[in-house]
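**Student:** Need a 3D model of the following:
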Amino acid sequence: MTGQGIVPLVAAVAILAVSVVVHRNKGRAEAGQIFSLLATALVLWNLNFFVLYSVSDRDLAFRLTRLFRVGSIFLAPAILHLTFALQPQRPASWRWGLWGAYLAACILTVANALDLMVVGLRHYAWGYYWIRGPFYGMFAFFLVADFLAALAVLLHDRWTTPEPGTRLQLRFWLLGALIALPLGCTNLLPSYGVPVYPLGNLGSAVWAGVVAYAIVRHRLMDIDVVVTKGMAYAAVSFMLIAPAFAVVLWLQRLTFGRVNTDFSFAVLLMLMTVGVLFPRLRIRAESRIGQSLFPAKHEYRAALIAFTRSIVRILDRDKLLRELGTTLSETLQLDRIAIAFADEAKRSFSICYIVGAAPVAGEFPQEHAFITALMRRQEVVLRDELEASAGATERAVVADVCRRNGWDACIPLIIGGRLIGFIGLGRKRNLDAYFAEDLELLGTLGAEASVALENARLYEELRRSREIIQRADRLSAIGTLAAGIAHEVRNPLVSIQTFFQLAPERLHDEEFFTTFLGMTAEEVKRISKLITELLTFARSPARTLGPLNLDETVERVVTLLEPEARKHKLTLRHDLAPGLPVVHADGDQIKQVLINLVLNAIQATAPGGIVSITSRPVQHSDAPFGQVEIHDTGAGIPHNRLDDIFTPFFTTKDQGTGLGLAIAHQIVAEHGGFISVDSKEGHGTSFFIDLPAFDDRAAIDHSTVETVEAELRHRSPRLRKIAV
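**Tutor:** Next comes the predicted model:
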């Protein structure tokens with residue numbers, strides 16, 4: 001085998017490997033099937049040149065290439081066919097043109113079998129090459145015409161398709177074509193007596209790789225990045241490989257007195273292969289060797305990386321500090337850790353979490369030399385580096401702080417160029433130093449911890465804001481309920497007043513005292529119950545989750561809202577299901593949700609209408625839930641507004657705040673439940689509250705949410721849902 005024969009053989013093997021990858025990923029798609037046909041033609045085409053460059057027997061080479069030339073003939077229509085597959089809707093004339101190309105390929109195949117396309121082989125420095133026959137000109141024209149037609153189709157699609165993904169795919173195909181077509185044309189020149197080494201084999205491998213990447217991958221790199229990386233890699237490879245190759249040529253001439261072409265070409269390919277594989281193999285080998293020889297270091301670094309990726313999901317600051325301190329202490333085996341935060345009110349930094357020995361100094365003013373030095377560095381820094389970066393007058397102060405507190409390294413916590421805190425790290429228990437890899441990992445951890453701590457602060461502020469809004473909503477509902485209850489209390493008071501006015505005159509009337517006294521006692525109990533429920537609801541206790549009987553909660557809500565329903569001349573009904581599962585919830589918050597929704601239903605229903613509350617057990621993804629439905633016979637919600645009803649500040653009322661439904665949704669979501677609504681104009685509205693049963697109160701993951709959403713939409717095509 002000659003050195004020149006290696007190029008087409010390597011190209012054939014590479015294209016075969018690429019075709020296997022495409023077949024596995026896109027074998028059933030039309031583009032994948034056509035690519036397999038194209039890959040077969042390319043493999044045969046490259047094997048044709050491998051035979052020409054490697055087989056010394058002219059007759060044997062001629063017979064073999066007659067067979068492999070079929071790949072060269074069908075290469076052009078296969079490329080055209082693949083470009084057509086990108087857009088399934090093509091004009092009929094385009095399809096006829098494609099079938100015409102395949103017909104021409106069949107004619108050329110017959111001519112090739114009769115030796116009318118190639119009549120013999122001519123010898124060049126790199127091996128044999130074709131001597132053209134009477135049909136060779138037709139073959140060359142056919143090949144170039146199909147290539148140009150494919151290029152025109154790609155350009156047409158590139159400028160006309162509105163799909164961004166397809167446009168990006170086409171840019172990759174065009175990039176491959178711009179590389180492959182000029183190189184492919186060099187394979188035609190030797191048949192016309194031009195002694196130019198054919199480079200089309202390299203171009204075919206590059207084009208097949210680019211096209212396969214565009215077919216298989218859904219997430220493609222920006223083409224500008226690909227070009228930049230490719231040019232940079234080529235430039236660096238040339239800078240490194242060219243001098244080494246020149247030294248190889250010089251050593252050959254110096255040692256043997258001449259340069260062997262095949263040997264030199266093989267060495268060049270070997271250098272290029274090493275250049276491609278070395279970076280990837282080095283990283284893998286480094287990881288494997290480090291894992292084998294130093295497993296402890298590999299494990300703690302892997303643990304730090306895993307924790308760094310997960311830290312931003314922790315929104316509770318105290319838990320975040322515990323996890324941060326524990327992870328650093330256990331992975332790095334540190335004797336002490338101190339975490340400090342900025343206190344804007346005091347204009348200082350205070351130590352708020354420690355592991356191991358407590359720091360000597362627990363608070364640092366913002367103008368302290370130690371804080372100034374940390375702010376100046378804004379990166380993970382060793383004690384010696386921190387001292388060196390401090391000014392001449394500050395150096396002694398910084399050194400004293402680190403020495404007295406036992407900190408060998410510090411991680412500044414930076415957000416937007418602002419120092420929000422720092423982490424002081426003690427020495428390792430095994431007395432190892434902090435390595436460069438440690439500092440790099442700690443720098444990444446510090447950046448993620450800064451974001452996580454800022455998120456925790458913002459989440460706490462958001463939680464307080466929600467509590468304020470929920471209290472305001474509760475007070476608004478209390479005002480509405482108080483007005484209805486005041487009206488309800490007036491009538492029993494009239495009865496009681498009448499009883500006391502008549503009592504002196506009818507002291508001896510036993511029937512009067514028996515009947516009216518009983519009626520009066522019942523009215524007093526009813527008033528007491530109403531006021532008790534109102535006072536209970538008016539309280540704003542801390543949220544307490546526990547087992548909750550939904551039916552009892554519904555009955556208490558009905559007691560509170562019956563006066564409001566009578567005031568609006570409505571009927572308030574409730575139908576409670578036996579065997580309803582106990583849910584895991586805060587009773588006062590769920591009562592607030594129910595009052596909000598029932599009040600909305602009362603206000604949306606005309607006099608004489610009905611508002612009904614129904615409870616029932618339901619199943620979502622094989623998990624038991626308790627459901628409460630609030631249905632009214634009002635005008636319903638317009639279809640175009642259903643998606644906005646849970647949006648804060650969206651309201652259709654003249655005096656509404658638009659917060660009631662948003663608060664209700666937030667409360668139910670925090671309980672791991674769902675609120676959904678089914679409404680049709682002119683036929684009323686139904687709100688559904690689904691809460692997980694007490695034994696199945698675990699947080700619901702996103703896949704469960706999607707399943708529940710599908711179930712809810714299947715129940716009603718008009719259904720709209722807001723879920724966690």
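**Student:** so where is the stretch 551-700 of the chain shaky, pLDDT-wise?
**Tutor:** For the stretch 551-700 of the chain, applying pLDDT under 70 flags the ranges 644, 647-660, 695-700.
**Student:** actually the stretch 351-500 of the chain, not the one I wrote
**Tutor:** Short version for the stretch 351-500 of the chain, where the test is pLDDT under 70: 462-463, 465-500.
**Student:** cutoff 80 now
**Tutor:** For the stretch 351-500 of the chain, the stretches with pLDDT under 80 are 361-362, 388-394, 436-437, 458-500.
**Student:** now the strands for it?
**Tutor:** 363-365, 381-382, 409-415, 418-425 (DSSP state E, counting those that start in this stretch).
**Student:** of all these, which lies closest to residue 674?
**Tutor:** Across the strands of the stretch 351-500 of the chain, residue 674 has its closest neighbour in strand 409-415 (35.2 Å, Cβ to Cβ). Bear in mind the C-beta positions are built from the backbone N, C-alpha and C, glycine included.
**Student:** list the helices and strands that closest one packs on?
**Tutor:** helix 369-377, strand 381-382, helix 383-389, strand 418-425, helix 436-502 (3 or more Cβ pairs under 8 Å, 6 or more residues apart in numbering; DSSP states H and E).
**Student:** Now it - C-alpha only, PDB.
**Tutor:** What follows is strand 409-415 as a C-alpha-only set of coordinates in PDB (Å, rounded to 0.1, in the frame of the first residue of the first chain):
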ATOM      1  CA  ALA A 409      -7.900  31.200  52.400                       C
ATOM      2  CA  CYS A 410     -10.900  33.400  51.800                       C
ATOM      3  CA  ILE A 411     -13.700  33.300  49.300                       C
ATOM      4  CA  PRO A 412     -15.300  36.700  48.600                       C
ATOM      5  CA  LEU A 413     -19.000  36.600  47.800                       C
ATOM      6  CA  ILE A 414     -19.600  39.000  44.900                       C
ATOM      7  CA  ILE A 415     -22.800  40.100  43.300                       C
END
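**Student:** got the contact list for that strand?
**Tutor:** 374-375, 377-383, 386, 402, 419-425, 434, 439, 442-443, 445-447, 449-451, 453-454 (Cβ atoms under 8 Å, 6 or more residues apart in numbering).
**Student:** Name the nearest residue to residue 581, ignoring sequence neighbours.
**Tutor:** residue 693 (4.0 Å; Cβ to Cβ, 6 or more residues apart in numbering).
**Student:** give the contact list for the one you found.
**Tutor:** 581, 582, 583, 584, 623, 624, 625, 626.
**Student:** Am I right that the first one is in contact with residue 617?
**Tutor:** Yes. Contact between residue 581 and residue 617 holds when scored by Cβ atoms under 8 Å: they sit 5.6 Å apart.
**Student:** Overlap of the contact sets of the two?
**Tutor:** Common neighbours of residue 581 and residue 617, using Cβ under 8 Å, 6+ apart, are 624, 625, 626.
**Student:** if you look at those, which of them are in strands?
**Tutor:** In this view, the shared contacts of residue 581 and residue 617 that belong to strands under DSSP state E are 624, 625, 626.
**Student:** now, among the residues you listed, which is nearest to residue 213?
**Tutor:** For these, the nearest to residue 213 is residue 625 (47.2 Å; Cβ to Cβ).
**Student:** residue contacts, residue 385?
**Tutor:** Residue 385 sits in contact with residue 377, where contact means Cβ under 8 Å, 6+ apart.
**Student:** Apply 10 Å and report the result again.
**Tutor:** Residue 385 sits next to 373, 377, 379, 409, 410, 439 when contact means Cβ atoms under 10 Å, 6 or more residues apart in numbering.
**Student:** Mind picking the two most distant members of the residues you listed?
**Tutor:** 373 and 439 (16.7 Å).
**Student:** Of those two, which one has the most company?
**Tutor:** residue 373 (25 against 17; other Cβ atoms under 10 Å).
**Student:** how about the nearest residue to that one, chain neighbours excluded?
**Tutor:** Closest to residue 373 by Cβ to Cβ, 6+ apart is residue 390, at 4.4 Å.
**Student:** now swap in residue 40 and tell me
**Tutor:** residue 71 (7.1 Å).
**Student:** Let me know the next secondary structure element after the helix or strand hosting that neighbour.
**Tutor:** For residue 71, the element it lies in under DSSP states H and E is helix 58-85. Per DSSP H and E, helix 58-85 leads on to helix 92-113 as the next helix or strand towards the C-terminus.
**Student:** Show me how far that next one is from its chain's centre.
**Tutor:** Helix 92-113 sits 47 Å away from the centroid of its parent chain (Cα atoms, centre = their mean, to the nearest Å).
**Student:** Which strands or helices does the helix or strand following that helix pack on?
**Tutor:** Next in sequence after helix 92-113, counting helices and strands by DSSP H and E, comes strand 118-124. Packing contacts for strand 118-124, counted by 3 or more Cβ pairs under 10 Å, 6 or more residues apart in numbering; DSSP states H and E, involve helix 30-54, helix 58-85, strand 127-132, helix 136-160.
**Student:** Would you mind listing the buried residues in stretch 377-390?
**Tutor:** The neighbour-count check on stretch 377-390 (16 or more other Cβ atoms under 10 Å) flags 380, 381, 382, 383, 385, 386, 387, 389, 390 as buried.
**Student:** Do I have it right that the first one meets residue 444?
**Tutor:** Yes. In this structure, residue 380 sits in contact with residue 444. The criterion is Cβ atoms under 10 Å, and the distance is 9.2 Å.
**Student:** The helix or strand where residue 613 lies: how far from the chain's middle?
**Tutor:** Using DSSP H and E, residue 613 sits in strand 610-620. Strand 610-620 sits 36 Å away from the centroid of its parent chain (Cα atoms, centre = their mean).
**Student:** other SSEs contacting that strand?
**Tutor:** helix 550-567, strand 571-575, helix 587-604, strand 623-632, strand 685-692, helix 702-715.
**Student:** And the helix holding residue 71, what's buried?
**Tutor:** 61-62, 64-66, 68-85.
**Student:** Please apply the same query to stretch 127-142.
**Tutor:** Buried-residue list, stretch 127-142, by 16+ other Cβ under 10 Å: 127, 128, 129, 130, 132, 133, 135, 136, 139, 140, 142.
**Student:** list the contacts for the last one?
**Tutor:** Translated: residue 142. Neighbours of residue 142 in contact, by Cβ under 10 Å, 6+ apart: 73, 76, 77, 101, 104, 105, 107, 108, 135.
**Student:** same question, the fifth one
**Tutor:** Under the criterion of Cβ under 10 Å, 6+ apart, the contact list for residue 132 reads 117, 118, 119, 120, 122, 139, 140, 188, 190, 191, 192, 193.
**Student:** next one: the fourth one
**Tutor:** Residue 130 makes contacts with 48, 52, 62, 65, 69, 72, 117-122, 136, 139, 187-188, 190-191, as judged by Cβ under 10 Å, 6+ apart.
**Student:** Burial check on residue 235, number of neighbours?
**Tutor:** 10.
**Student:** Find the helix or strand that it is a member of.
**Tutor:** Using DSSP H and E, residue 235 falls in helix 223-256.
**Student:** as a whole number, average confidence for that helix?
**Tutor:** Throughout helix 223-256, pLDDT has a mean value of 79.
**Student:** Among the shared contacts of residue 581 and residue 617, which one lies nearest to residue 603?
**Tutor:** Checking the shared contacts of residue 581 and residue 617 one by one against residue 603 (Cβ to Cβ), the nearest turns out to be residue 626, at 25.8 Å.
**Student:** for residue 419, which residues make a bridge with it?
**Tutor:** Per DSSP bridges, the residues bridged to residue 419 are residue 414.
**Student:** What distance do you get for it to residue 450?
**Tutor:** Using Cβ to Cβ, to the nearest Å, residue 419 is found at 9 Å from residue 450.
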